[in-house]
Structures are given as structure tokens and as C-alpha cells.
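In: have a look at this prediction, sequence included:
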Amino acid sequence: MSEPRGSETTTQPLTVIEKAPEPPPPAAEEGTDGRSDRFWSVRRVPAGIVALLLLVVAAAFLYDIAAVRAHRPAMRWRRELAAQLSTRPLDDTWVLVGAGVAAALGLWLFVLAVTPGLRSLLPMRRPHTDVRAGLRRDAAAMVLRDRAMEIAGVRAVRVRLRRRKADVRAVSHFRDLDDVRADLDSTLKDAIRGLGLTRPPALTLHVARPGRKG
């Protein structure tokens, strides 16, 4: 009798498909000195005030013009205003005061129009061109304060973070001041870089001993 022949298995080489490398993400946009990096404020309150004033003035003049067209006398305030403007000289005190107020208001509106505002929001680096992020100034100051308090010998820290400057004042109750200052300088510079801001603020560091009581 012949033994049954076992099933034969044939191994074939597998086709390896390599995935094409993905293109690298767009380079982060480094901060420039222009104002375009900052967030622009909506300025709802100034815009609402100006719109309300314009609405009131326009409605008053429109009502007065409609009254005159309907063969009714003009409103008293417009007659008084026209009489005052026709009789008062240009160097009159009230004319100068009114002109100054109007010029100050116009300058204020112009400054609001050309400045971005939102000074409490610091722009962060953009790893992608379609994504923008910001960090609140008080939150960034709290991060620097917490990192500074981790240094041995530091008793109290006060951080004042501005747009281009980080002023840190620390009080050390033990250890040599130079050693504490060196540790703070290294730690805080790393913390500032870790914030990921478009324009990292320059660090100004002051370390002192606590004042004597009494």
C-alpha cells in the first residue's frame, strides 16, 4: 500500500508596497516686527457708541427736515445752533473747546482704527499657516512665576510680563544670591522659549534678600 502524500505548501514572495513619504508640514512662520502678527480687537464698545451717536444725530436732523418740508417751523435747537454759529467768532472760547473735543474724538477713533489692540493676548508661533494661537499675558506670567518658585532658595516671585520684556523680581532667603540668580536665569529662559511665543520677551531678573522687619 502506498502512503497518502501530504499536501504540499508553496511559499510565494510577498509584494512589499512602500508608502510614499508624506510632504513635510509647512514651516512655522517666525514672528516679524510687523503688527500683522498680533490679534486685532473687534472693538464692539467704541463702534457701538459711535453708531448710536450717529443714529441719534441723523434721526434728529431727519425729523427736523421732515418738519420743515411739512411747513412747520424748524426745531428750536437747530435755530439756536444756526444763530450761534453765525454770530460767534472763530476765536471764541466755546468754539475752540468744541473744535478741541471734536479733534480729540477723531484722533481717538483714528488710533483705534490703526492699532490692533488686545495687548493682553500674546501671539504664538504658527506651525501651520491656517492655525493661529495666542497666550494670555497673565497666564504666561503665572507659568514663569511657578517655574521660578521651583528654584531652591526662592521665597517670593513677582513677574511683570510686557509685550517685549519680562521683569522678574525674586526674593531669596537662603543660598548665595549669585547661585540663585544663575538658576533663575537658566530656568526662566527655558520657560520663555517653552511658551512658544512669536516674539519671546527679553528677561530682566532681579534677586534680593527679604527686607528686615521692624
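Out: All right, it came through fine.

In: endpoints of stretch 126-144, how far apart?
Out: Chord length of stretch 126-144, first to last residue, is 22 Å (C-alpha to C-alpha, to the nearest Å).

In: now that stretch: buried residues?
Out: Residues of stretch 126-144 classed as buried: Arg126, Leu135, Arg137, Ala140, Ala141, Val143, Leu144 (neighbour count, 16 or more other C-beta atoms under 10 Å). To be clear about C-beta, it is placed using only N, CA and C from the backbone, and glycine gets the same treatment.

In: where's that stretch relative to the chain centroid, distance-wise?
Out: Here stretch 126-144 is found 9 Å from its chain centre; the criterion is C-alpha atoms, centre = their mean, to the nearest Å.

In: what's the helix or strand for Arg155?
Out: Arg155 is part of strand 154-161, with elements assigned from DSSP states H and E.

In: can you list contacts of that strand?
Out: With contacts defined as C-beta atoms under 8 Å, 6 or more residues apart in numbering, strand 154-161 is touched by 137-138, 140-142, 144-145, 148-149, 166-173, 180, 184, 201, 210.

In: all strands in the protein, in order from the N-terminus.
Out: In the chain, the strands defined using DSSP state E lie at 121-123, 134-136, 154-161, 165-172, 202-208.

In: give me the contact list for the fourth one.
Out: What it means is strand 165-172. Under the contact criterion C-beta under 8 Å, 6+ apart, strand 165-172 has outside partners 141, 144, 148, 151, 153-161, 180, 184, 188, 192, 201-210.

In: buried subset of these?
Out: For the contacts of strand 165-172, buried by 16+ other C-beta under 10 Å: 141, 144, 148, 151, 153-154, 157, 159, 161, 180, 184, 188, 192, 201, 203, 205, 207.

In: before we move on, the earlier item: angle of the strand holding Arg155 against strand 202-208?
Out: Strand 154-161 runs at 150 degrees relative to strand 202-208, counting by axes from the mean of the first three to the mean of the last three C-alpha atoms, to 10 degrees.
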